[in-house]
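J.: This is a predicted model, with the sequence first.
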Amino acid sequence: MLNKTIWNKQSTRETVSGYLFMTPAIVVLGIFLIVPVIFTIVLAFYRVQLLGEVSFQFAGFKNFVRMRSDERVWIALKNTAEYVAIVVPIQTILALGLALILNTNIKGKSWFRVAFFLPTVTSSAVLTLIFMWIYNTNGLLNSFLGFFGLPTYNWLGDPDVALKGIMLMNIWATAPLFMVIYLAALQDIPESLYEAASIDGAAPWEKFWCITLPFLKPVTFFVIVMGIIGTFQLFDQSYIFSSGSGGPNNATLTIVLLIYQYAFKNLDMGYALALTLMLALVIMTVTLIQRSLFKEESLD
Amino acid sequence: MIAKSARSWIWLLYAALAVYAFITFIPFTWALSASFKSLPEISAGGADFIPKAFTLENYKTIFLQEPLFGRWLANSVMVAVTVTLFNLLFNSMAGYALARIKFPGNRLLFVLVLAVLVIPGQITLLPKFLILKSFGWLNSYQGLIAPALVNATFIFMMRQFFLNFPKELEEAAALDGLNRFETFFQVVMPLAKPALAAQTIFIFMGSWNEFLLPLVVMSNPEMFTLPLGLNAFKGQYVTYWNYIMAASMIFTLPALAIYAFFNRYFIQGVTFTGGKG
Amino acid sequence: MKKLLSSLAFSALLLLTNSCRSGDKNEGAIEITLSGWQSNPIESRLLEKVIDQFEAKYPNIKVKHEVINSQYMDVIKTRLIGEVAPDVFYLDAFEAPLLMKYDVLEPLNSYIKPEFNLADFEPNLIDAFKRNGNLYGIPKDFSTLALFYNETAFAKANIQQPPKTWNQLIEYSKKLTLYDQTGKVNQYGFGITPELPRQQFIIQAFGGELVDRNHYAAFATPESLKGLQLVIEQYRHDRSSAQPSDVGASSGDDMFGQGKAAMMLSGAWTIPYFKETFPNLKFSTAEVPTINNRKGTMAYTVAYVMNRKSTQKEAAWKLIEYLTSEATMKESGSQGFALPSRRSVLKGLDSDRHSLYAPLIAGSTYATIWQAGETLPTILTNFDNQFVSALIGQQSLKDAMQKAQDTANREIYLSN
């Protein structure tokens, strides 16, 4: 009896402190992000006119039914899924690999760390110009490929490779971010774990496999989820490469580009929001699958 | 024999790192060199890394001819620093609660944090703008700062970091009679330096580079942040690549400096080969 | 931690003290806002000067000039929805039908006094901002397209005169396409921009139309294809034309300026740009070659429009009136980036400006204005998307255009 009240008291105290810790986040996210989320969910079921005379007309599932026969939605989904499937694994492995190497005693690692991070801080306008210069038919990449006798491509014009070009650019620019997160996570591994393993005579790769990797699991979950969200929301590069059309022949069309076209160019807000909701559900589903694969330990 | 193969591995490793560093370094170096070229030289399309006619004109134009440059810089620094400080505190608190405190609603809150992340910024922009307008915060610093005080991405990140945190330390703190807040500030935060350093780099860079929100919220030139102000060199018909390159250099250096500075927090830890870093 | 908290408190204080910034307003003065983009920082400064003169003439009106250089229409639309849009702003003719349809612009008919002399403006420029008899914008300036050609390249190829017909253009392009020893092209005859804003007049050359009466896309007809086929064939068969991305240039202008294309179609803005960026480039201009014996070109125009929700409409009109008056147009011009929209001013320019502008001015009488009703954004996206794929040979022009038209029309139908 006494035990139970103490336990209750403690759990109440935990609940109070839990919510106190969360208060700033709840307030700010609540105002500036949950409201937009609700806005999205509700208005996806409406025909909305926001410019001039504001009007809302309940449309039921019309916006969603329209999606089914909208060929461009499926093409965008397919492009985006392909993009996610290729970019996320490569950038995650690259980031992990770079972090592991730069966490060792190799010489000049501080320089490497700064050099590897440069793509992240270079502004996107500059990146675009540089990539135009690298990717054009007579550009650096083709000269490089030609030098080694490899096939060259029209990276910007040919739809078969346009998306690949964007992928390369994105991996190059995002991997350093995740590298930094892995570097930070590697600092938290207690040395005692490695020492104990050394005493047991574990080989370096065993230490990596049995200590480092399991320890990095939560952070890897984060890196992969953020990678998935980031790639599903690909917009900038495909906007720049196709000047907003998603062409040639929808080769660089992504879901967010489609959403942007409907929301801002055609002012068809209801449909744009329905597409957003669909995208959100897709990402959530993938994340949940992800989560069950990682079998994240629940707290207790 | 073993030593020999290990050594050739090391060389291979260095070669791979050097190649990758080359790939990351080249575009930046090219932009740096372009910032010292004239517009005709850049537009001529040459790929030279050394300017034919070295000029400081681009930087001079930006610093001297743009009367508001100092103001924009101050705005950017003010917003980025404030946002970073608040985020470090608020995201860590929220991440800690989600990872370590058991309370009803924990799971739901975590899912909500994820839900916020999956809605693309192009869509949240309009409602955010309307909310800021209803608060009367257009054209004001709080219009940029308030929505950015916490960041769902980094709440999520901090949660993942705190999941790994050794339980024993908290239990010891509890035995010492510390409550959750004391534990958090006195025990947990000091040990989370690497994660906080990573967060500082990302939040600062995110705020420093933020373009879309300032673009719609700030209409008064005095209230512009650097990316917005420097955008003036992108004309409707003509793009002044020389100024853009110089501006992007000015713009990149603070972010790079922050990164280089906070990098030291990633060096002190142990390595998987067992040696000290 | 104490340090952190005190710096937090400090920033919070900063927030509070900076929140009210509008206290220094002049009592009794009316403030209006003018928003636009800028061609370059100098143009902005010239406009500031004109505004100063305006403020001197009307001491009780203060004008706040705002420059929006990225995603201009996205920002304007967002601010219109939030009801914080500027009193007066630039509006491209291409975007005008949508804003006129949604009734967010103030009709200007009742403000215009006879001495403003509206009849002085190019009639088709005025028409671009009319809907149901209401006039919603006063054209600021405009530009047509003309043929730009590289004089040095022409001299080397022994061509004396710029092409007069499109067939000549195609012939000359072959002569002007030069290869290096390895067979790589280092100069193309003609630089193209495969986007609808540059192609609409070609669609019309053989009697085709971009849209039908109900603003549905109608460009997949044999007549339209006949015109567009000229562009495709030159690119695919002659290989004597190129798009900017083929040669690593960021725009058609840069491609021409770098000497990678000997001819191109471009507008007035290119002339001052070349003088600044490619000072050694020897180029000249001519009227766009005729297609099917018909003269044709594009015209792009921008107007000053008034926000319907403006609370200072009288002052806003005074500003528009001043900025588009004959005196102001004559005096400040557009730095050569565009042509004045008043015929009287244009005439003056015609006689005393450099002959480079003459073909552009000549084009104004037969140009197609880049505008086609409120459905144009949808049509534009789909056309650009598919036209490039026909250009690179992924599908036939007919299939590509049919697909673009069908997709556009389905979207137009569903969003109505």
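T.: Sure, I can see it.
J.: Which residue ranges of chain A form strands?
T.: A:46-49, A:55-58 (DSSP state E).
J.: ok, the nearest residue to residue B:52 once chain neighbours are set aside - contacts?
T.: Spatial nearest neighbour of residue B:52, chain neighbours left out: residue B:41 (5.9 Å); criterion: C-beta to C-beta, 6 or more residues apart in numbering or on different chains. Every C-beta, even on glycine, is put in place using the N, C-alpha and C of the backbone. Contact analysis of residue B:41 by C-beta atoms under 8 Å, 6 or more residues apart in numbering or on different chains lists B:51, B:52, B:53.
J.: rerun at 10 Å
T.: Neighbour list for residue B:41: B:34, B:48, B:51, B:52, B:53, B:55, B:241, B:242, C:277 [criterion: C-beta atoms under 10 Å, 6 or more residues apart in numbering or on different chains].
J.: Tell me who's in contact with the third one.
T.: Neighbour list for residue B:51: B:33, B:34, B:35, B:36, B:37, B:38, B:41, B:42 [criterion: C-beta under 10 Å, 6+ apart].
J.: Dihedrals phi and psi, the fourth one?
T.: Which is residue B:36. phi -110, psi 10 (degrees, to the nearest 10).
J.: Can you flag which of the contacts of residue B:51 belong to helices?
T.: Counted as lying in helices by DSSP state H, out of those, are B:33, B:34, B:41, B:42.
J.: What is the burial count for residue A:247?
T.: Using other C-beta atoms under 10 Å in any protein chain shown, residue A:247 has 27 other residues around it.
J.: how about the contacts of residue B:41, which pair is most distant?
T.: Distance extremes for these: the farthest pair is B:48 and C:277 at 17.2 Å, using C-beta to C-beta.
J.: can you tell me which of the contacts of residue B:41 lies nearest to chain A?
T.: Looking at the contacts of residue B:41 and their distance to chain A, the nearest is residue B:241, at 6.6 Å (C-beta to the nearest C-beta).
J.: gap between that closest one and residue B:250?
T.: To residue B:250, residue B:241 is 15 Å away according to C-beta to C-beta, to the nearest Å.
J.: Please say which of the two ends up with more neighbours.
T.: Neighbours per residue, other C-beta under 10 Å: of residue B:241 and residue B:250, the larger number sits with residue B:241, 25 against 17.
J.: I'd assumed residue B:30 was in contact with that one.
T.: No - applying C-beta atoms under 10 Å as the test, residue B:241 and residue B:30 come out as separate, 11.7 Å apart.
J.: what's the spacing between residue A:250 and residue C:159?
T.: Distance of residue A:250 to residue C:159, given as C-beta to C-beta: 40 Å.
J.: How about residue A:185?
T.: From residue A:185 to residue C:159 the distance is 66 Å (C-beta to C-beta).
J.: between those two, who's got more neighbours?
T.: residue A:185 (30 against 18).
J.: anything in the strand or helix carrying residue C:53 near chain B?
T.: When elements are assigned from DSSP states H and E, residue C:53 belongs to helix C:41-57. Yes - Helix C:41-57 lies within reach of chain B by C-beta under 10 Å from any C-beta of the partner chain, at C:41, C:42, C:43, C:44, C:45.
J.: any idea which helix or strand comes after that helix?
T.: strand C:61-67.
J.: Now do whatever helix or strand comes next after that following strand against strand C:61-67, angle only.
T.: On the C-terminal side of strand C:61-67, the closest following helix or strand by DSSP H and E is helix C:72-81. Comparing the axes of helix C:72-81 and strand C:61-67 via axes from the mean of the first three to the mean of the last three C-alpha atoms, to 10 degrees yields an angle of 130 degrees.
J.: by contact count, what packs against helix C:72-81?
T.: With contacts defined as 3 or more C-beta pairs under 10 Å, 6 or more residues apart in numbering or on different chains; DSSP states H and E, helix C:72-81 has these neighbours: helix B:121-134, helix B:212-217, strand C:30-36, strand C:88-92, helix C:96-101.
J.: The ones you listed: which one's closest to residue C:361?
T.: strand C:88-92 (20.6 Å).
J.: wait, isn't residue C:262 in contact with residue C:177?
T.: Yes - under the criterion of C-beta under 10 Å, residue C:262 makes contact with residue C:177 at 8.1 Å.
J.: Neighbour count for the two, which is higher?
T.: With neighbours defined as other C-beta under 10 Å, residue C:262 and residue C:177 compare such that residue C:262 has more, 29 against 21.
J.: After the strand or helix carrying that one, which helix or strand is next?
T.: According to DSSP H and E, residue C:262 maps onto strand C:261-266. Sequence-wise, the next helix or strand downstream of strand C:261-266 (DSSP H and E) is helix C:270-277.
J.: hmm, that following helix touching chain B?
T.: Yes - using C-beta under 10 Å from any C-beta, helix C:270-277 comes into contact with chain B via C:270, C:272, C:273, C:274, C:276, C:277.
J.: average pLDDT for that helix?
T.: On average, the pLDDT along helix C:270-277 is 87.
J.: quick revisit: figure out which of the strands of chain A is closest to residue C:206.
T.: Nearest of the strands of chain A (C-beta to C-beta): strand A:46-49, 38.5 Å.
J.: Tell me, how many residues neighbour the residue of the stretch 151-300 of chain A found nearest chain B?
T.: Using C-beta to the nearest C-beta, the single residue of the stretch 151-300 of chain A nearest to chain B is residue A:187, 3.3 Å away. For residue A:187, the number of neighbouring residues by other C-beta under 10 Å comes to 21.
J.: what's the answer for residue A:127, then?
T.: 21.
J.: List the residues that contact residue A:116.
T.: A:94-95, A:98-99, A:101-102, A:175-176, A:179-180, B:17, B:20-21, B:23-25.
J.: at 8 Å instead, please
T.: A:98, A:102, A:176, A:179, B:20, B:21, B:24.
J.: Quick check: the last one touching residue A:176?
T.: Okay, so that is residue B:24. Yes - shown here, residue B:24 and residue A:176 form a contact pair, counting by C-beta atoms under 8 Å, at 7.5 Å.
J.: returning to that earlier point: from the contacts of residue B:41, which ones fall inside helices?
T.: Mapping the contacts of residue B:41 onto helices (DSSP H) picks out B:34, B:241, B:242, C:277.
J.: Return the item of those having minimum pLDDT.
T.: Here the lowest pLDDT out of these sits on residue B:241, with 81.
J.: now the helices: where do they sit in the stretch 101-250 of chain C?
T.: C:123-127, C:151-156, C:166-176, C:196-204, C:222-233, C:244-247 (DSSP state H, counting those that start in this stretch).
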